[in-house]
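A.B. asks: let me see the structure of the following:
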Amino acid sequence: MKYKNKYEKIWRKVQKPARYTGGEYNEVIKDKSCVDVRFAFGFPDTYEIGMSNLGIKILYGVLNSLDYIWCERVFAPLEDMAEQLRTNNLDLYALESGDSLKEFDFVGFSLQYELSYSNVLYMLDLAGIAFMANERTESSPIIIGGGPCVYNPEPFADFFDIICIGEGEELLPEIMALYREHKKHRAGGYNKHEFLLECAKIEGAYVPQFYDVLYKDNGKIESFLPKYADIPAKVKKRIVKDFDASYFPVKPVVPSIETVHDRITLEVFRGCIRGCRFCQAGFVYRPVREKSAERINELAAEIYKNTGYNEISLASLSISDYTKLYQLVDALTSWTDKCKINISLPSMRIDAFSQELLNKTSSVRQSTLTFAPEAGSQRMRDIINKNLSEQDIFDTVNIAFESGKNNIKLYFMIGLPHETDEDIIEIAGLAKKIVDCWYNNKNANRNRGLTVTISVACFVPKCFTPFSFQGQNSYEELIRKQQLLKTAINSLPSSAAKKINYNYHDATLSMLEAVFARGDRRLSKVLTEAYALGACFDSWDDKFHFAAWQQAFDKCGVDMHEYCERVYEHGDIFPWDFIDTGVSKQFLIAEHKKAQDGKTSNNCREQCAGCGISRSMDMGGVNNICCTE
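C.D. replies: Residues are numbered from 1 along each chain as shown. Below is the predicted model of the structure:
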């Protein structure tokens, strides 16, 4: 393509140039002279990670389904490509057209995890776009953000013109339509301030510059108020109410190189009925909305026809809670077996795993089965509302062993609220009991040895959860607990200890994640300073430089420990309190109190807990199967 020729000389000098060339099967090419709005969809991580993200596929497809919009893609280049761009005085560009991001009306970023924030600045820097919204001109692209992290957008609010709260399939096209109207039909010409002011009135659209924040002497928020009377004091999240009828891409772009997830990903439902008290997604994605088994099967067949992938992954927060799971698996396997297509169920609850599912799907013939007990003791599982017994765990691993499985992976957390050393030691005890199950199971496969891998993360308090009031353990305490568990495993009888692999997360990464998960607008200067000191690709262990972050916090006079370890009172104002997710703060307080008492709550299908989502979101009973209040 002629318009990309200026980049050919640098493509030859970088690793995996297909990350930067575009030209993939099913990419969307339009005549830019025939569209009214140009949108560059940015993912602040590498091509291989971004192209595996379902959200990008959905929003890329829904925007390009509109004739007047051309949505293109851009990913964070690795160091070799960034060096070539800078050396040759070239801007970061979109894959489809090869145009600089500065030439677009909108540059959007999908914020999937807190440690990607520095990469937003990295990509803006490479594009020659000012970081701060108040430093950009009338002709600059509008910087817009979305994704899971926007439920606390304050740490990066100063960088964005618009932040989309909630689900973007309907919200983004509405914003684009408003922009088009302002650009083409407004008397007196386009005025950015007037557009943003009207945009702020759209449900789900947050324009940070139109809100003022005041702080108390202790660092907590005193007030968070809109500057104008006609914009909402609370920004209500946007949701897709009829999930069966919602847009889903049937011709996704097929990458030219291997990505993290080379497969068809089908979103089966959104939301979760469970209410695990540490899990942000389980609260902010409420209510549960399902697609019908017939619709999912139709989508699967069409996407297979358009891509040729040999694996289908059924995506949700907990696939075993899909009410038509067995019907769906039967429908899929009626043709996938003939086509030798693997079906993956990546989010099975340990108490819902069954021999029948094992037999029905080819996915679980893989060597490793993965489950998430989250805590080793029953006391802690009750505190976090996991609603999972030790017997449930033993029943599941015995099904696996009966079927010849010899590799089990279990996810846990340490640093949870109200945790004791005994709770941590019981993680090792639970792993030993699972090894014992294998020894005691007469039908277990003795031809291969057993491996029980326990992967342990540090608890990070997230907004809109019952545990958002809790502080994170100090770095020193997290390290102590990690070593306590290591000692407990090594102290087991050698017949068990040799079969247990222990992996744990870097506590400094978890600490920084907590800072930005709970932070406010004062962190924007820290982000800017850390980037200037070399912070980039922070979610990559080999690229994370904690010293740069420490220096940035010190230089800005900001105490990172105050952010991650702070305990909130029930009456405090959170930095994210201006967002209405539909789940009431009173409900989160009630769940927090139940956790303190070690009491569990039923899942939403057993008994409505009264979280408030059904009333707040005005679902009207449309495809809403989790809330009956």
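
A.B. asks: if I look at the residue most central in space within the chain, how far off is Asn119?
C.D. replies: For the chain, the residue nearest the mean C-alpha position is Gln112 (4.2 Å; C-alpha atoms, centre = their mean). Separation of Gln112 from Asn119 (C-beta to C-beta, to the nearest Å): 11 Å. Any C-beta I mention is one placed from the backbone N, CA and C, and that applies to glycine too.

A.B. asks: nearest spatial neighbour of the residue nearest to the centre of the chain, skipping sequence neighbours?
C.D. replies: Gly147 (5.2 Å; C-beta to C-beta, 6 or more residues apart in numbering).

A.B. asks: so where do the helices sit in the stretch 401-550 of the chain?
C.D. replies: 421-440, 475-490, 494-497, 507-518, 524-532, 546-556 (DSSP state H, counting those that start in this stretch).

A.B. asks: highest mean neighbour count out of those?
C.D. replies: Mean neighbour count (mean count of other C-beta atoms under 10 Å) peaks for helix 507-518 among the helices of the stretch 401-550 of the chain, with a mean of 24.

A.B. asks: ok, and what's touching that one?
C.D. replies: 113-115, 117, 152, 155, 457-463, 468, 472, 475, 478-479, 482, 523, 538-539, 541, 544, 546, 549, 560, 563-564, 566, 575 (C-beta atoms under 8 Å, 6 or more residues apart in numbering).

A.B. asks: so where's the stretch 251-400 of the chain uncertain?
C.D. replies: The model of the stretch 251-400 of the chain has pLDDT under 70 over residues 361-367.

A.B. asks: now the helices: where do they sit in it?
C.D. replies: With DSSP H, counting those that start in this stretch, the ranges of helices along the stretch 251-400 of the chain come out as 280-284, 293-307, 325-336, 355-360, 378-383, 390-402.

A.B. asks: buried deepest among these, which one?
C.D. replies: Comparing the helices of the stretch 251-400 of the chain by mean count of other C-beta under 10 Å gives helix 280-284 as most buried, with a mean of 22.

A.B. asks: one step back: did I read that right, the residue nearest to the centre of the chain in a helix?
C.D. replies: No: going by DSSP: H, G, I helix; E, B strand; the rest coil, the assignment for Gln112 is coil, not a helix.

A.B. asks: wait, it sits on Asn53?
C.D. replies: Yes: between Gln112 and Asn53 there is a contact at 6.8 Å, judged by C-beta atoms under 8 Å.

A.B. asks: give me the nearest residue to Arg86, chain neighbours excluded.
C.D. replies: Leaving aside its chain neighbours, Arg86 sits nearest to Leu126 (7.6 Å; criterion: C-beta to C-beta, 6+ apart).

A.B. asks: what about the one you found, neighbour count?
C.D. replies: Neighbour count of Leu126, defined by other C-beta atoms under 10 Å: 21.

A.B. asks: that one contacts Ala82, correct?
C.D. replies: Yes: counting by C-beta under 8 Å, Leu126 touches Ala82, with 6.1 Å between them.

A.B. asks: quick one: closest of the helices of the stretch 251-400 of the chain to Asp262.
C.D. replies: helix 293-307 (9.7 Å; C-beta to C-beta).

A.B. asks: could you say what helices and strands the closest one packs with?
C.D. replies: If contacts are counted by 3 or more C-beta pairs under 8 Å, 6 or more residues apart in numbering; DSSP states H and E, helix 293-307 sits against strand 264-267, strand 311-315, helix 325-336.

A.B. asks: which of those sits closest to Leu59?
C.D. replies: Of these, nearest to Leu59 by C-beta to C-beta is strand 264-267, at 12.8 Å.

A.B. asks: measure stretch 267-287 end to end?
C.D. replies: In stretch 267-287, first residue to last residue: 15 Å (C-alpha to C-alpha, to the nearest Å).

A.B. asks: begin at 703 from here
C.D. replies: Sounds good: first residue 703 from here, last item stretch 969-989.

A.B. asks: residue ranges of each domain in this protein, please.
C.D. replies: Domain segmentation of the chain under automatic domain parsing yields 704-938, 966-1207+1270-1289.

A.B. asks: could I get these as TSV with distance to Ala1216?
C.D. replies: As requested, the domains of the chain are arranged in TSV below (distance: least, C-beta to C-beta, whole Å):
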stretch	distance to Ala1216
domain 704-938	8
domain 966-1207+1270-1289	4
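
A.B. asks: can you say which of those is nearest to Gly1314?
C.D. replies: That would be domain 966-1207+1270-1289 among the domains of the chain, by C-beta to C-beta, at 3.9 Å.

A.B. asks: distance between the closest one and the chain's centre?
C.D. replies: The chain centroid and the centroid of domain 966-1207+1270-1289 are separated by 16 Å under C-alpha atoms, centre = their mean, to the nearest Å.

A.B. asks: which residues touch stretch 841-849?
C.D. replies: So stretch 841-849 is in contact with 742, 757, 761, 803-804, 806-814, 822, 826, 831-832, 835, 838, 855, 858, 861-866, 870, 874, 877, 881, 894, going by C-beta under 8 Å, 6+ apart.

A.B. asks: mind running it again at 7 Å?
C.D. replies: With contacts defined as C-beta atoms under 7 Å, 6 or more residues apart in numbering, stretch 841-849 is touched by 757, 803-804, 806-814, 831-832, 835, 861-866, 870.

A.B. asks: quick check: mean pLDDT across it?
C.D. replies: Computed over stretch 841-849, the mean pLDDT rounds to 97.

A.B. asks: measure that stretch end to end?
C.D. replies: Length of stretch 841-849, first residue to last, C-alpha to C-alpha: 26 Å.

A.B. asks: which element is Asp914 on?
C.D. replies: Of the helices and strands defined by DSSP states H and E, Asp914 is found in strand 913-917.

A.B. asks: can you tell which of the domains of the chain is closest to Phe945?
C.D. replies: domain 966-1207+1270-1289 (3.7 Å).

A.B. asks: just send the helices of the stretch 953-1102 of the chain back as TSV, with distance to Lys903 too.
C.D. replies: TSV is the format used below for the helices of the stretch 953-1102 of the chain (distance: least, C-beta to C-beta, whole Å):
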stretch	distance to Lys903
helix 982-986	22
helix 995-1009	33
helix 1027-1038	40
helix 1057-1062	47
helix 1080-1085	42
helix 1092-1104	48
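
A.B. asks: ok, Trp919 to Leu1118 distance?
C.D. replies: One correction, residue 919 is Asp, not Trp. The gap separating Asp919 from Leu1118 is 31 Å, by C-beta to C-beta.

A.B. asks: same check on Ala935?
C.D. replies: Noted for Ala935: a distance of 34 Å to Leu1118, by C-beta to C-beta.

A.B. asks: give me the more crowded residue out of the two.
C.D. replies: Taking neighbours as other C-beta under 10 Å, Ala935 and Leu1118 compare with Leu1118 leading, 23 against 11.

A.B. asks: looks like that one contacts Met1082 (just checking).
C.D. replies: Yes: taking C-beta atoms under 7 Å as the definition, Leu1118 is a contact partner of Met1082 at 6.1 Å.

A.B. asks: strands along the stretch 853-1002 of the chain, start to end?
C.D. replies: Along the stretch 853-1002 of the chain, counting by DSSP state E, counting those that start in this stretch, strands occupy 864-866, 907-908, 913-917, 923-928, 937-938, 966-969, 971-972, 991-992.

A.B. asks: out of those strands, which is closest to Ser1036?
C.D. replies: Using C-beta to C-beta, the strands of the stretch 853-1002 of the chain put strand 966-969 closest to Ser1036, at 15.6 Å.

A.B. asks: any buried residues in the closest one, and which?
C.D. replies: For strand 966-969, a neighbour-count test (16 or more other C-beta atoms under 10 Å) marks 966-969 as buried.

A.B. asks: can you put the residues you listed in a markdown table and add distance to Ile1014?
C.D. replies: A markdown table is the format used below for the buried residues of strand 966-969 (distance: C-beta to C-beta, whole Å):
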| residue | distance to Ile1014 |
| --- | --- |
| Ile966 | 5 |
| Thr967 | 8 |
| Leu968 | 6 |
| Glu969 | 12 |
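
A.B. asks: and those residues, which two are the farthest apart?
C.D. replies: Within the buried residues of strand 966-969, Ile966 and Glu969 form the most distant pair, 10.9 Å apart (C-beta to C-beta).
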